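**Student:** Compute the structure for the input listed below.
(chains A and B)
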Amino acid sequence: MPQKSVNPGSMEIKIDKKSDDLLARIKKTALKKIGPEDTVLVWPNLVYLELIAMMFALAILLFLCLYSPAPLEELASADTTPNPTKAPWYFLGLQELLVFFDPWLAGVVLPSLIMVGLILIPYIDPNPKGKGYYTFSERKFSVIGFSFGLALWYILIVVGVWFRGLDWSWYWPWDDPHMHQPAGAVKLVDLQVILQSTLGLSETPVATLGRYVVSMANLITWGIFVGYYAIGFAIPFLIFRNFYNKLGFVRYNLTMFFFLSMLGVPMKIFLRLLADIKYVLVTPWFNI
Amino acid sequence: MWELFQRIRSVVNKTQAFKSIFRHGFPNNDGNRALVMFSNIILHLHPVRVRRGALKIKFTWCLGGLTFFFFILLAITGVFLMFYYVPDTNRAYGNIKDLGTVIFFGDLFRSLHRWSAHSMVLFVWLHMTRVFFTGSYKPPREFNWVVGVILLSTTLVLSWTGYLLPWDQLALWAVTVGSKMAEASPLIGKAGPFGAELGMNANNDITFALLGGTVVGQSALLRFYVLHCLALPLVTALFIAIHFWRIRKDGFSGPL
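**Tutor:** So this is what the prediction gives:
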């Protein structure tokens, strides 16, 4: 902004005048925006509403306390392991994931990704619409994406709380919870073993990196794993270019990484349930 | 009777002691109703006036406010429980048993503490869901959403550390499940990817730091107790303060 050299006195007057204008403008807009007719006093209107909500909540809590008091089981003992051992209900979704993923993924990496993903939401959603009101049509992708993750979270918790019993087996509500379910005849295999036998690949290692003996089948599983993300990143970029353009490079990549990782969780679950696949990718250090 | 009450009130309202505490008269006129909101530290979380739409329950469903209410309830019942509890593996279980048998309202306060905790976890989730679906995290409120996610994690860890304190089978094994997962952390857990390569073992990995030992024992109980009763409530209270401060500064989205 070009500044004219003026003596301090006239400058002061100028600022005064400007701030006067500003004050008048604020007064005008303030009155217009929230005139007394559009607003109500917080006391008593809102404060009493909150008081009612709190008393209502307290009443329900007291009822729950009478209906189901805090339990106390036997004294803690490292010698007797209860069957099944369950985490608190809010972590049972993650514990249920232990059926399908190794602990480092189910218990550490996936929850961390959830937290980081949640934190990133406001920064990767550039859509200015749908601020301050419920809408689906104006922000379809974000609402569908969030609802999907939410549904996954709650479904896993419900399964963990009500459908898992002895030995973490599946129990329907009508099954006897004290009887062990017959051990399944299902034998889980790794994807690379399936590839090796169905494609008739040789077992001779392609390369050896220390402890890591890389076979052809193992290399293909790497291709499938990386390919899942590569294709997942590419498809919206190629088909819905508008979506990419709206997000920009960094936001697009972050969004797609978290979205595909989230989608990968039920995909792995289905691979396990339908094809008895234990691991998609096997290395000496970690398995996925 | 009513007249007598009014008379006593008008006398009390004029005393120096009353005036020194309450900087306003009885809130039965608009001036005093505004002054109440200004001069009461708790009510000052609110503005003096809100738009009519703010009274619409179908926007917020009172979820955030009730989450805070559960936190307050937890603090009150928690202090009561602390009077009767020693974080010693030989005494903890008996202390909890006493709450259910010999201490007046012990069972009620413990049950209330437990149900408030469950409710708080659930209501944090519901509140976040509501905030997402109304797009209230959008600029300029991005950072307050981040503070909210921090509060989500402190709420979960608070609940989880409290789970161990009764020192019964439920407590011990629920926490054992959790610590087994920590063991599998990549890089910093002994059973996690690249953990062994980085020299992690039972005596130096993340689980050791969490439990203060290799098993869920006395050190773990003390750690969880201190985290649960002191460290985490302070951290949570701090972030709640930031959360509330920011929503007042950034302004409400929607009809509020």
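**Student:** Find the residue at the geometric middle of chain B.
**Tutor:** Nearest to the geometric centre of chain B sits B:F71, at 3.4 Å (Cα atoms, centre = their mean).
**Student:** now it: how far from B:G106?
**Tutor:** In this view, B:F71 and B:G106 are 22 Å apart by Cβ to Cβ, to the nearest Å. Using the backbone N, CA and C atoms, a C-beta is placed for each residue, glycine as well.
**Student:** Quick check, the residue in chain B closest to chain A?
**Tutor:** Of all residues in chain B, the one sitting closest to chain A is B:M181 (2.8 Å; Cβ to the nearest Cβ).
**Student:** before we move on, what SS does that residue have?
**Tutor:** Classification of B:M181 by DSSP: H, G, I helix; E, B strand; the rest coil places it in helix.
**Student:** Report the contact partners of it.
**Tutor:** Counting by Cβ atoms under 8 Å, 6 or more residues apart in numbering or on different chains, B:M181 touches A:94, A:103, A:106-108.
**Student:** any idea how far it is from B:H243?
**Tutor:** Counting by Cβ to Cβ, the separation of B:M181 from B:H243 is 28 Å.
**Student:** just A:E96 next, same as before
**Tutor:** Per Cβ to Cβ, A:E96 is found 31 Å from B:H243.
**Student:** Of these two, which one has the most company?
**Tutor:** A:E96 (23 against 19; other Cβ atoms under 10 Å in any protein chain shown).
**Student:** Only the buried subset of the contacts of B:M181, as a PyMOL command please.
**Tutor:** PyMOL command restricting the contacts of B:M181 to the buried ones, with burial defined by 16 or more other Cβ atoms under 10 Å in any protein chain shown:
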select buried, chain A and resi 94+103+106+107+108
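**Student:** among the contacts of B:M181, which are within reach of chain B?
**Tutor:** Contacts with chain B within the contacts of B:M181, counted by Cβ under 8 Å from any Cβ of the partner chain: A:94, A:103, A:106-108.
**Student:** could the residues you listed go into CSV alongside secondary structure, pLDDT and distance to B:V11?
**Tutor:** Below are the ones next to chain B among the contacts of B:M181 laid out as CSV (DSSP: H, G, I helix; E, B strand; the rest coil; pLDDT from 0 to 100; distance: Cβ to Cβ, whole Å):
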residue, secondary structure, pLDDT, distance to B:V11
A:L94, helix, 92, 62
A:P103, helix, 92, 69
A:A106, helix, 92, 67
A:G107, helix, 91, 65
A:V108, helix, 93, 65
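**Student:** Pick the one among these closest to B:V50.
**Tutor:** The closest of those to B:V50 turns out to be A:L94 (Cβ to Cβ; 39.3 Å).
**Student:** Now do the same contact list for B:C62.
**Tutor:** A:49-50, A:53.
**Student:** Next, format the residues you listed as a markdown table and append neighbour count.
**Tutor:** As requested, the contacts of B:C62 are exported to a markdown table (neighbours: other Cβ atoms under 10 Å in any protein chain shown):
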| residue | neighbour count |
| --- | --- |
| A:L49 | 16 |
| A:E50 | 17 |
| A:A53 | 17 |
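**Student:** among the residues you listed, which are within reach of chain B?
**Tutor:** Among the contacts of B:C62, the ones lying near chain B by Cβ under 8 Å from any Cβ are A:49-50, A:53.
**Student:** Might you specify the subset of these located within helices?
**Tutor:** A:49-50, A:53 (DSSP state H).
**Student:** Need the nearest residue in space to whichever residue of the stretch 1-150 of chain A sits closest to chain B, chain neighbours excluded.
**Tutor:** Chain B sits closest to A:G107 of the stretch 1-150 of chain A, with a gap of 2.8 Å, by Cβ to the nearest Cβ. Here the nearest residue to A:G107 in space, its sequence neighbours aside, is B:M181; by Cβ to Cβ, 6 or more residues apart in numbering or on different chains that works out to 2.8 Å.
**Student:** Would whichever strand or helix holds B:F59 count as contacting chain A?
**Tutor:** Taking DSSP states H and E as the definition, B:F59 sits inside helix B:57-60. Yes. For helix B:57-60 and chain A, the contact criterion (Cβ under 8 Å from any Cβ) is met by B:I57.
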